[in-house]
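Trainee: Take this sequence and fold it.
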Amino acid sequence: MAVFPQRLDSPLAYAIAQALMDGFDRHYRLFRLESARAKERFERSDWHGQQRAQRERIEFYDLRVREASQRLETEFRAHEQPMEVWQQIKLHYIGLLIEHHQPELAETFFNSVTTKILHRTYFHNDFIFVRPAVSTEYIENDEPAATATYRAYYPTRDTLHETLVRIVDNFRLQCPFDDLQRDTGRVLQAMAARLAQVKLRANFQIQVLSSLFFRNKGAYVVGKIINGFNEVPFALPILHREDEEAGRLVIDACLFGEDELQMLFSFARAYFMVDMEVPSAYVQFLRSLMPRKPRAEIYNALGLAKQGKTLFYRDFLYHLRHSSDKFRTAPGIKGMVMLVFDLPSFPYVFKIIKDHFPLQKDTTREQVKGKYLLVKQHDRVGRMADTLEYSEVAFARERFEDELIEEIRRHAPSQLEISDRDGDGKEEVIIKHLYIERRMIPLNIYLQEAFDAGAAEQVDRAVVEYGNAIKDLVAANIFPGDMLWKNFGVTRNGKVVFYDYDEIEYLTDCEFRRVPAPRNEEEEMSGEVWWPVGPRDVFPETFGPFLLGNPAVREVFMRHHADLLDPAFWQSHKERILSGHVFDVFPYDADKRFGNHPPVREEQAA
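Mentor: Sure, this is the predicted structure:
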């Protein structure tokens, strides 16, 4: 049980608490400023600037934590302060949070700074926020009329169209729409299909979050229709035309329902840029649209990844307290670079970089970590799973199968420590460094199960999705490297997602070549590669023997994705990206689009 001081009598403790709060406020001010600038970049069609800002914003948090830690050490010699002072620091900090608009983020910032300064033995309730001290319920802006979290509109059937126009106009985008009346008319038709046989109740309203959601080349209006006890989530993607009417805006689609919003906010997509005064209010609103989505994933989707990690870990500890199964080696084909384990009752997998790799894997631990960082900072286009990275993670030894401990000892001994660090007689397994990802069904297992069940349609869909996943990665300037089926997974919604990153490269760094014609009979009959190969040379014609051994798979693949075996496909995309083109990859199906654009190329469809 935590023991708190009877009085707050240390001016030093207050000064440190205030310095910590100053550090957080600086962080969130800069975070908001960069997020707000997304609107201007969208209006200018500055897609490269948007991507660059999304990458750079990810680094903001760690930079501000380092700045705050250095200030506390320089000005207050914080690590030398006794526990009585640190107890008072936390209480003073709680006092500073009472009227704060981002208290949950500020608590996490406090934990990040103090754990950087203090010894691990201090990491308990007395000194850090193990659970929230300040509620985020019903926090609202000081000027709700001007800057409320969401706007509410109360149309009738007769005024619904003009209300939709007003909803879009209220965002004050500094670009003309191609035809806003036409586009909102299409939205009205989509909504009317849902409301046609429904009586409008007294509380009929449309609630819309007051900031647009920006990502890559799109801006999204996010809200819900409320009618009686029914609530229908919706989102309106706003894009620039890219044909002869370039520079004019269109509403591209109308997305309805939890499943389509889940795709928009998928863990396999880049983070949004949203200007939020009260992030917890945005999260609460979004959870009303997607009640099955964990709060941790919503914070991640909003670019608040550290808060997402904090909430994920709290949920994980809660799950451990209320479960009894054991961690085991994850099912599936074992990887050469990563050791993967899971807890059957928990929908995530845990990945450790091995200490040693086979000769064919010419890489290092730092290079593998660099690949995972690349994915974190890159546009994942719905095809690369997001990862949570942790260090010094402690688990109860009794929750591990002995076979798993032995496997870690064999393949990653530098990452394993087993000890009684807290001196309470209970052994802990400490993993020095790991990644955590959403668990998916490996595509090779998914296909095998479909074959065993005679589910030909399921096989066809999976193979088509596999090719679509590769083409979406190509459009995002990613060459996946190892394209074997086992390195892809299938999500709950049937999407195919890539999750093995140790061999990925930027497409523009690769050389796509044709296999040279053999010069003699010896070369023609050789089973080995007889031509010279550079370190980043890729020969798409050679993919077939590794991927298409099953005739049924080969037939579907060649019907839909034969161009993936042609170097010209890869080279043409590389050249367009090098010329500055940014491909469209939509977080919704092509049949949802209103038809404002030229025909969609197959590689553009999400």
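
Trainee: give me the low-pLDDT residue ranges for the stretch 101-250 of the chain?
Mentor: 119-128, 130, 138, 140-147, 244-246 (pLDDT under 70).

Trainee: any idea where the strands of the stretch 201-350 of the chain begin and end?
Mentor: Remark: strands assigned in the stretch 201-350 of the chain by DSSP state E, counting those that start in this stretch are 205-209, 213-215, 218-227, 230-240, 249-251, 255-256, 328-329, 338-342, 348-353.

Trainee: Output the ones you listed as JSON lines; include the columns mean neighbour count and distance to residue 108.
Mentor: Quick note: C-beta positions are derived from backbone N, CA and C, even for glycine. What follows is the strands of the stretch 201-350 of the chain, written out as JSON lines (neighbours: other C-beta atoms under 10 Å; distance: least, C-beta to C-beta, whole Å):
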{"stretch": "strand 205-209", "mean neighbour count": "21", "distance to residue 108": "23"}
{"stretch": "strand 213-215", "mean neighbour count": "24", "distance to residue 108": "22"}
{"stretch": "strand 218-227", "mean neighbour count": "21", "distance to residue 108": "24"}
{"stretch": "strand 230-240", "mean neighbour count": "20", "distance to residue 108": "27"}
{"stretch": "strand 249-251", "mean neighbour count": "23", "distance to residue 108": "36"}
{"stretch": "strand 255-256", "mean neighbour count": "20", "distance to residue 108": "31"}
{"stretch": "strand 328-329", "mean neighbour count": "16", "distance to residue 108": "31"}
{"stretch": "strand 338-342", "mean neighbour count": "21", "distance to residue 108": "26"}
{"stretch": "strand 348-353", "mean neighbour count": "22", "distance to residue 108": "20"}
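
Trainee: Tabulate those strands (a markdown table), appending distance to residue 491.
Mentor: Output for those, formatted as a markdown table (distance: least, C-beta to C-beta, whole Å):
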| stretch | distance to residue 491 |
| --- | --- |
| strand 205-209 | 25 |
| strand 213-215 | 19 |
| strand 218-227 | 21 |
| strand 230-240 | 19 |
| strand 249-251 | 27 |
| strand 255-256 | 17 |
| strand 328-329 | 22 |
| strand 338-342 | 16 |
| strand 348-353 | 13 |
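
Trainee: I figured residue 458 hits residue 450, correct?
Mentor: Yes - counting by C-beta atoms under 8 Å, residue 458 does reach residue 450; the two are 4.1 Å apart.

Trainee: give the contact list for residue 327.
Mentor: Residue 327 makes contacts with 341-343, 350, 395, 399-401, 404, as judged by C-beta atoms under 8 Å, 6 or more residues apart in numbering.

Trainee: give me that answer again for 10 Å
Mentor: By C-beta atoms under 10 Å, 6 or more residues apart in numbering, the residues touching residue 327 are 341-344, 346, 350, 395-396, 399-401, 404-405, 429.

Trainee: How about residue 82?
Mentor: By C-beta under 10 Å, 6+ apart, the contact set of residue 82 is residue 10.

Trainee: Give me the distance between it and residue 92.
Mentor: Residue 82 sits at a distance of 15 Å from residue 92 (criterion: C-beta to C-beta, to the nearest Å).

Trainee: cool, residue 105 as well?
Mentor: The value you get for residue 105 to residue 92, if C-beta to C-beta is used, is 18 Å.

Trainee: What of residue 376?
Mentor: Distance from residue 376 to residue 92, counting by C-beta to C-beta: 34 Å.
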